[in-house]
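Student: Sequence plus predicted model, see below.
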Amino acid sequence: MTLEEMQGQETTMENTDRVQSAGAALEELLLAAKKEDYLTVGVYESAKVMNVDPDSVAFCVLATDEEYECDMALQIHFTLIQAFCFDNDINVVRVNDIDRLSDLVGADESGEPKDVHCILVTSPSASPWKHSSLETLGMFCDERRSVYDWVPAITLPER
């Protein structure tokens, strides 16, 4: 095995560890934000918040799975949301496990699962909310952008 191959294996293992720790941080962030009532769940609800109070958005999660990959309307919404987030320096990640996200954010008042295709973590503009997971995910996104991964994919830990 050459030195380059060994370094490549180490880099792959480091990346896997970072993605797993980012997944744990995202889960922790979503649970803490839900407890504080700092979550906006749903594409249309998120668009309203972004339009009315863009400074309150601290983090964005876009979620899809194989069932929705060909949904052109959803992909257009994702493109617009990503553009908004990039223009406003909001970190964005992608998650490919809608069922797991639904479990984390829960159902609406009627018991129906929420539209988890877009989840915003918000923070009041007057007194910004700080959470260690938000900082961890911010560093993860910065690292990924440094290698031109503009919307990194995160895998949530299994339960």
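Tutor: That came through, no problem.

Student: which residues in the chain form strands?
Tutor: 39-41, 57-63, 91-95, 118-122, 153-154 (DSSP state E).

Student: distance of Val41 from Leu101?
Tutor: Using C-beta to C-beta, to the nearest Å, we find Val41 at a distance of 9 Å from Leu101. From N, CA and C alone the C-beta is placed, and that goes for glycine too.

Student: intersection of neighbour lists for those two?
Tutor: Applying C-beta atoms under 8 Å, 6 or more residues apart in numbering, one finds that Val41 and Leu101 are jointly contacted by 116, 119.

Student: Output the strands of the chain as a markdown table; include the columns mean neighbour count.
Tutor: Output for the strands of the chain, formatted as a markdown table (neighbours: other C-beta atoms under 10 Å):
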| stretch | mean neighbour count |
| --- | --- |
| strand 39-41 | 21 |
| strand 57-63 | 23 |
| strand 91-95 | 20 |
| strand 118-122 | 25 |
| strand 153-154 | 19 |
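
Student: Reformat these as a markdown table; add mean pLDDT and distance to Val147.
Tutor: As requested, the strands of the chain are exported to a markdown table (pLDDT from 0 to 100; distance: least, C-beta to C-beta, whole Å):
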| stretch | mean pLDDT | distance to Val147 |
| --- | --- | --- |
| strand 39-41 | 94 | 29 |
| strand 57-63 | 95 | 19 |
| strand 91-95 | 95 | 15 |
| strand 118-122 | 95 | 24 |
| strand 153-154 | 92 | 13 |
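
Student: Reformat the ones you listed as JSON lines; add distance to Arg144.
Tutor: Converted to JSON lines, the strands of the chain look like this (distance: least, C-beta to C-beta, whole Å):
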{"stretch": "strand 39-41", "distance to Arg144": "23"}
{"stretch": "strand 57-63", "distance to Arg144": "14"}
{"stretch": "strand 91-95", "distance to Arg144": "9"}
{"stretch": "strand 118-122", "distance to Arg144": "18"}
{"stretch": "strand 153-154", "distance to Arg144": "9"}
